[in-house]
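[1] Any chance you can model this:
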Amino acid sequence: MCESCDSNAMQNASGRRRFLRLAGLGAGALLLAGALPDKIARAAEKTAPPPKPQNAISPDKALQRLMEGNQRYVAGTSTTHDFKDEREALVSGQNPFVAVLGCSDSRIAPEYAFDTARGDLFAIRVAGNFVTDEGLASLEYAVAVLGAPLILVLGHESCGAIDAGIKAVKDRTVFPGHIPKLTDALKPSIEKVLTQPGSLIENATAQNVKDSVERLKHASPLLTDALGKGTLKIVGGVYRLATGNVDLIT
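    Numbers count the residues shown, from 1 in each chain. This next block holds a predicted model:
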């Protein structure tokens, strides 16, 4: 997180200044400390548009746009993006319209799955798409500094991390290295669905998404404050490998 990024980020809504003060960077922090006159800070906010004005939308519009992009991807009609112009437009900063907490699985690329361009999607990826402290901090940054109005927790079919977690729970399998950190994190979601009918891995995948969504809704004052103000929506979905379709489940 560079100082220039924070300097651009401070131009967002005044509700984000508390985050910047805690980080000790940006004009929002200086304003709260009394170092900058309020009029100067407000003038800066008004005169500097976001790098991608089309991304400054409501949570509901962001979700609609995200799912429309997924349908284009499924249909094979994805947009042709002008990466050169996008690179130049984003030199000064970023304001993505969605932050995605997804799995590290190489078969799932959120930017493709939702037909997004550079600067549209802020991605956090970890095998098993569960909430880590570092992932939570990254999502706080996306919402409080970059102004993302939407968070999507994205699970997927045939997740290797979920499968490993099931083996650890049911068969007491012990994996080498640091892999048990993944299986331990997924264990609570898996245990909730052990006796449910149907496919255990499918049920565990969905439950893990639901649990991650619920954790995000309550784990951080920055996120709960945005939820309460209606400037943020947190949802979950599962990516279907064969079709590329994303089914929203929470």
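
[2] For the protein, give me the ranges with low pLDDT.
    Counting by pLDDT under 70, the chain contains low-confidence residues at 1-47.

[3] elements contacting the longest helix seen in it?
    Scanning the chain for the longest helix, with DSSP state H as the assignment, gives helix 200-219. Judged by 3 or more Cβ pairs under 8 Å, 6 or more residues apart in numbering; DSSP states H and E, the packing partners of helix 200-219 are helix 133-144, strand 150-156, helix 160-170, helix 179-192, helix 221-229, strand 233-239. Bear in mind the C-beta positions are built from the backbone N, C-alpha and C, glycine included.

[4] make it 10 Å
    In this structure, helix 200-219 makes packing contacts with strand 98-102, helix 133-144, strand 150-156, helix 160-170, helix 179-192, helix 221-229, strand 233-239, judged by 3 or more Cβ pairs under 10 Å, 6 or more residues apart in numbering; DSSP states H and E.

[5] excluding its backbone neighbours, what's nearest K192?
    Q207 (5.4 Å; Cβ to Cβ, 6 or more residues apart in numbering).

[6] Buried ones in stretch 214-229, by neighbour count?
    216, 219-220, 222-223, 226-227 (16 or more other Cβ atoms under 10 Å).

[7] Now these in TSV, please, with extra columns for distance to L154.
    Shown next, in TSV, are those (distance: Cβ to Cβ, whole Å):
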residue	distance to L154
L216	13
A219	18
S220	19
L222	21
L223	17
A226	20
L227	19
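
[8] what's the closest of those residues to V238?
    When the buried residues of stretch 214-229 are compared for distance to V238 (Cβ to Cβ), L216 wins out at 16.5 Å.

[9] Give me the distance between the closest residue to that closest one other than its chain neighbours and L136.
    Of all residues not flanking L216 in the chain, I234 sits nearest, at 5.3 Å (Cβ to Cβ, 6+ apart). Distance of I234 to L136, computed by Cβ to Cβ, to the nearest Å: 12 Å.

[10] Looking at those two, which has the bigger crowd around it?
    I234 (23 against 18; other Cβ atoms under 10 Å).

[11] beta partners for the closest residue to L63 other than its chain neighbours?
    Nearest residue to L63, sequence neighbours excluded (Cβ to Cβ, 6+ apart): L150, at 5.7 Å. For L150, the beta-bridge partners under DSSP bridges are K233.

[12] Next up, the contacts around L150.
    If a contact means Cβ atoms under 10 Å, 6 or more residues apart in numbering, then L150 has 57-66, 96-100, 121-122, 142-143, 232-235 as its contacts.

[13] Quick one, which of those residues are buried?
    57, 59, 62-63, 65-66, 96-100, 121-122, 142-143, 232-235.

[14] can you pull the contacts of the residue nearest to L216?
    Applying Cβ under 10 Å, 6+ apart, the residues near I234 are 59, 99, 101, 139, 143, 150-153, 212-217, 223, 226-227, 250.
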